[in-house]
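when you get a sec, could you give me coordinates for this:
(2 chains)
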There are 2 protein chains.
Amino acid sequence: MKSKFSMGIDFGSNSARALIVDVNSGQEIGCGASEYAGGDKGVYTDKANSHLARQCPDAYLKSLSTAVKEAVAKASEKKGFSAENINGIGIDTTGSTPIPVNNRMEPLAGLREFRDNLNAKAWMWKDHTSMEEAEKITALASKIRPRYLKKCGGVYSSEWFFSKIWHCLNVDKKVFNAAYSWVEFCDFIPAVLCGIKDPLKIRRGICAAGHKAMYSREWKGLPDAGFLGKLDRRMAELLPRLYKETYTADTVAGKLSAEWAEKLGFREGIPVAVGSFDAHLGAVGAGVGKGELVKIIGTSSCDITVSPDNVKVPDIPGVCGIVDGSVMPGYYGIEAGQSAVGDILNWFVSGLCRSSHSAFSQLTEEASKMRPGESGLLGLDWNNGNRCVLVDPKLTGMLLGMTLHSSQSEIYRALIEATAFGAKKITDRLEEYGIHTKEIICCGGIAEKNQLFMQIYADVLNKKMKVSASAQTCALGSAIFGAVVAGDFKNVETAQKKFCSFKKKVYIPIKKNNAVYNKLYALYSELHDSFGTQNKKTGHYGIMKKLLEISAEAKAGK
Amino acid sequence: MKSKFSMGIDFGSNSARALIVDVNSGQEIGCGASEYAGGDKGVYTDKANSHLARQCPDAYLKSLSTAVKEAVAKASEKKGFSAENINGIGIDTTGSTPIPVNNRMEPLAGLREFRDNLNAKAWMWKDHTSMEEAEKITALASKIRPRYLKKCGGVYSSEWFFSKIWHCLNVDKKVFNAAYSWVEFCDFIPAVLCGIKDPLKIRRGICAAGHKAMYSREWKGLPDAGFLGKLDRRMAELLPRLYKETYTADTVAGKLSAEWAEKLGFREGIPVAVGSFDAHLGAVGAGVGKGELVKIIGTSSCDITVSPDNVKVPDIPGVCGIVDGSVMPGYYGIEAGQSAVGDILNWFVSGLCRSSHSAFSQLTEEASKMRPGESGLLGLDWNNGNRCVLVDPKLTGMLLGMTLHSSQSEIYRALIEATAFGAKKITDRLEEYGIHTKEIICCGGIAEKNQLFMQIYADVLNKKMKVSASAQTCALGSAIFGAVVAGDFKNVETAQKKFCSFKKKVYIPIKKNNAVYNKLYALYSELHDSFGTQNKKTGHYGIMKKLLEISAEAKAGK
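Presented below is the predicted three-dimensional model:
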C-alpha cells in the first residue's frame, strides 16, 4: 500500500498547530506548534481601550512555517513517512477575524504606511470595539430584514464581520479606504498558500460567511446593498469587492504554490481545502455526524451537530447558528453553546473560595461520594449570561437550598449539575425541532480529566458521553478535509471513520441517578422559565435586570 | 444620700453571672461569673441521642454562690459599698428549662435514687428529645384549641414545657411518677433563695408560663384538663400540681431566707423578684420601651418590644409570642426573631470559604467600600429556616445575581443585607398591626464590633440604631427588677432611666442608601413572597420543599 499523508493546520487564539496524519492507518504521526510573534502571545491590545484585540497576519504565516516544520521533523522519525507524500492540506482558524487587504492580496498591516496602525491588522474574534455598530446592525435588521437575524440567534454580535468593518470605517477612514477587500482569517491562509493575488478570486468558506456575515442561500449571498447602504453608503460600495459565492471545506481552494511548496518542503500543486472555523473542524475531528453532538468544553462550551440537508432544518429559536454546509458538506451545521462552564467552576473554586488549582481534585473526590440530590442545592448557570437557548447576556447566576452546613464540595457539585441542566436545555430544544442527539462526544481538558463531571452530564442528559481520543481535534478535522480534497477519501464521513477514535471510558447514564435528576431538572426548568423568559406573566423576569440596573447606577455613583 | 444597691443574677446556658448595681448612680460596680460544674460546660448529653441536653439544678446553685461572692468582692473595692445595703434581688434564666421536683421542692436530680438519671435533671431549653410530642401537641391544638397556638406563633415547640414533661412520661415513668410538680428554672431559683418548700406556693412568672406553657388570661390559666387529658390521662392529673396564678417580674417572689442570707452575706428578708427569661430581662436592661425594639444579635436574633396593655394587641401572624406582662408590667411583651444572623456569616466565612476568624475584619473593610446595590447580588436569609414572619423551618437560603467576578466581600455584604431585609420584614409586620418601632437598641458582639453591619441595618430599616452600653444587659435587667421589688424605684421605667445607657456611636439612616435599599427590598419581598408563602398561586413555594424532600430521599438511599 502506498504511503500517503494529510496535513491539518489549526490557527488558535495564540498559536498555530500542525498535524500530520497517516491516511492509511488514521494515526497522528507528527505534530508541531508555534506561538504567534509580537504583542502579548500574539495579541495586540490598547491600554486606552480594553475591547481591542488585533493580530499580525505576518505572524500567522511565520508560525505556520515553524509548526509545519516541527510536525514534519516529528513525522520523519516514523518509518515510511516522507513530506513528498503529503497529498492535501486542510485549514481552520479562529473567527470572525477579518483582515483588510489591498487589491494584490497584501494585508495592509504589512505595508510601510500602516506598520504601526492597529486598525490595519487582523481584527481578532474577541475584539469588542464594535459594540455600537453591532447594536445598530441588530436594530436595523430587526426592522427591515428580520430574516438576517434568524440564522444567527437573533442578535448580530460585535465579534462579527460587518460590525468590525463598519467600526473601521467609523474610526479610521484611511485604513477603510485603503482596504480593497476584507478577508476572513480562514479564507486568507488558503489564499496565501495557493498564491492567489486577487481577493475576488479567493474561494471563501461558507462557514465564516454563513455564521458571521449573514450570508445565506435563501437570499442568494451576503446582505443586500440596500441594507448595507442604510448603515453607510461606503459599506454598500464595499459589497462588490467582497464575494458572491461560498464553498464548503471539501472544496479545493487552490493548489499549493511553488513558493510555499518549497518553504514547507511539500509537493507543488497539492490541493489546499477551503478554510473553516476551528470549533467546526474540531467537531468534524471529534466525529460529529447525524445524531452525534460534539461538545467542546472549556471556559465556555461550544456545541456542534449536523443534520442531513436533504431535509430542511427550521429556524430554531435560541440556537446560535444553522448554516447549510458549514461543518460538513451535505449537512446543515448547527452551532449552540453555553456562555460559561469551566469558568463557573473556576470562579467558585479559585475566585470565590480562593483555593489553589489543586483543590479541584479534592473537591471532585468529595463531590463524587454524594448522591444526586443529596445536597438540596440547585443552581442557575448564568454567571456569564445565557447564550442558548435564552440568548440573553443580562442574566446572572443563582443558587438556592443553602443551609448552615452547605459545603464547598456540595456547591461545587451543584454548579456542575447546573451547567448540565443548561446543556440539557440545548439538547431538549434541538429535539423539539427534530434534531435528535443519540450520543455526545466531548473534547477539552474537563472532559478528559473530570469523571464526575462526565457522569453527571450522562445522568442529567440521559445520553451516552464519549471523549475524543485526539487531543487536537481541530487540526485533525483540518487533516480530514486535507485528505478529502486530496481524493484519498470519497467523502468526509469515510475519512472520519478512519481518523476519529474515542477514549475507552464511555459514560453511560445510570437509571437511578437520571430519575433523581429528572426531578431536579423540573425545578431547574421552573426557575429557568420564571427568571429567564418574558412570556410567563407570573415569573421573576424583572429581578436580574433590575439588580443589574441598580448595580450600574451604584457604580456610576448616582 | 444613703447608699443602696441591687443584685441581678443571670443564668445562661453554661454559667451564672451576678451583677451589683449602685441604685443611686446606676453604675455597675461589681460582677462575677461561674461556669456550671459537671457535663460539658454544665451540659449533660447522651451519645446515643444528639437531641438530649440536661443540666444539674445543684450546679446552678453552686455557681450562684460563687458568682455572687465574686461580684461582692469586686464591689467591695468600691468606696461606700456594703453587701448589707443590697436591697433586692432579680433573677433571669434560660428557658423553657423545666425541673422535676418532689413535694418538698427537692429536685429529683438531688435524690440518691435518681443520681445518674438524666431524665431527673433540668431539661435544658435546647433539649429536642420531645419532637414527636411537640408535633402531636400542635396537631391536637390546631384541631380542638387553635387559640392556644395563636399566642406562640402557630407551632408548639419541642423546646417547651409540656412537650418535655410528656416526653418524660413516655420514656421514664419512674421519674414522671416521682415528680410531684415541674418548676421552670426561672421560678426554681427565687423559690430556693426564699426557702419555699411547697411547689404549689411558688409564685410562678408570667413570662415562662405565657411563652412556653400556653398560659393566658384569656382562658384563665394553663391549657385545660380536657386538652391535656387527650395527650395522656396522667398529664391532666398533673395539672392541679402545677399552678393557676402567675406574676410579673416586679412582684416579690418571697423574702431571702436566713440560710441563703448567710451563704451570700446579705440581709435576711430582702425581697427576691419573680423570675423571667434571660432575653426578656436583657431587653429591659437594654432599655426596651414603647417604640423601642431591642435586638439581641448573636448566631440568631431575638427581637423584643413592648406595647402598653391598656390597648389590646391583636394576634400578629408570624410573631412568636405576645404575652401581657412577660417583659414589663403594664405592657404586652412581644417577642420575634430571626433563625440565623451571625450563623449565616459564620457559615459563609468559616464554613464555606474556610477562612480564619480574622478574615471577618478584612471582609468587613472591603465590603465597607462598596455602595449599596453595587454588587448586583441579592439573598434570602433562610439558611436555618425562617422564624418570623413565615414561621417555616423548611425554607433554605438563596443567592442570586452572581457573575464570574462576584467576590467574597460582595457576597459577605449581600448576606448581611439579606439578614437586614429579614429584620425589616419583622418591623414591617409589627407596624402593620399597630406596633410602631421608633428606634432599635442592639446588644451582642456583632452590634458592638461591626459598624458596617449596623449601618446597613440603619439604612435598610430606616431607623436609628443604638448599642447598649452594658455588656450584660440580662443581669442588668434582673438588677432593675431587684431594685423595683426593693421599693427603690416606683416602677421599671424609672429604674431603666437610671440604669440603662448607650454607646456614643449611634447609627443614623443615610437617605441615599435607604433609597437604594428600598428598591432592593422590593425585589427581596418579591422573592420572599414567591418562595416563602403558599398564598401566591404564581410563586415558587414548592421548590425549597421539593429540594428538601429529594435530599431526604437521597440520604435515605432510596
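
residues from the stretch 451-558 of chain A in reach of chain B?
By C-beta under 8 Å from any C-beta of the partner chain, the part of the stretch 451-558 of chain A that sits against chain B consists of A:516, A:519-520, A:523, A:526-527, A:530-531, A:537-540, A:543-544, A:546-548, A:550-551, A:553-555, A:557. For every residue, glycine as well, the C-beta is placed using N, CA and C.

and the buried ones among the residues you listed, selectable in ChimeraX?
Provided next is the ChimeraX selection string for whichever of those are buried by 16 or more other C-beta atoms under 10 Å in any protein chain shown:
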select /A:516,519,520,523,526,527,530,531,539,540,543,544,546,547,548,550,551,554
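
from the residues of the stretch 451-558 of chain A next to chain B, which land in helices?
Judged by DSSP state H, these include A:516, A:519-520, A:523, A:526-527, A:530-531, A:543-544, A:546-548, A:550-551, A:553-555 as members of helices.

and residue A:391, how far is that from residue A:319?
As judged by C-beta to C-beta, to the nearest Å, residue A:391 and residue A:319 stand 9 Å apart.

higher neighbour count, those two?
Residue environment comparison for residue A:391 versus residue A:319 gives the larger neighbour count to residue A:319, 26 against 18, counting by other C-beta atoms under 10 Å in any protein chain shown.

tell me, how many residues neighbour the residue nearest to that one when sequence neighbours are not counted?
In space, not counting the residues next to it along the chain, residue A:319 is nearest to residue A:336; the distance is 5.0 Å by C-beta to C-beta, 6 or more residues apart in numbering or on different chains. Other residues near residue A:336 number 28, with proximity taken as other C-beta under 10 Å.

residue contacts, residue A:336?
Residue A:336 makes contacts with A:303-304, A:319-320, A:387-389, A:426, A:429-430, as judged by C-beta atoms under 8 Å, 6 or more residues apart in numbering or on different chains.

in three-state terms, label it for me.
strand (DSSP: H, G, I helix; E, B strand; the rest coil).

which residues does it bridge with?
Beta bridges link residue A:336 to residue A:303, judged by DSSP bridges.

pull up the per-residue confidence for it.
Reading off the confidence values, residue A:336 has pLDDT 94.

same question for the one 10 residues further on.
At residue A:346, the predicted lDDT confidence score is 95.

then residue A:150?
pLDDT, residue A:150: 84.

swap in residue A:558?
At residue A:558, the model reports a pLDDT of 62.

for residue A:114, same thing?
On pLDDT, residue A:114 comes in at 97.

doesn't residue A:101 make contact with it?
No. Here residue A:114 lies out of contact with residue A:101, judged by C-beta atoms under 8 Å, at a distance of 11.4 Å.

who touches both of these two?
Each of residue A:108 lies in contact with both residue A:114 and residue A:101 under the rule C-beta under 8 Å, 6+ apart.

shared neighbours, residue A:391 and residue A:319?
Common neighbours of residue A:391 and residue A:319, using C-beta under 8 Å, 6+ apart, are residue A:153.

residue furthest from the geometric center of chain A?
Among the C-alpha atoms of chain A, the one most distant from their mean position (C-alpha atoms, centre = their mean) is that of residue A:404, at 40.9 Å.

tell me the secondary structure at that residue.
Under three-state DSSP, the three-state class of residue A:404 is coil.

any part of the longest helix seen in chain A near chain B?
Taking residue count as the measure and DSSP H as the definition, the longest helix of chain A comes out as helix A:408-432. Yes. Counting by C-beta under 8 Å from any C-beta, contacts between helix A:408-432 and chain B involve A:408, A:411.
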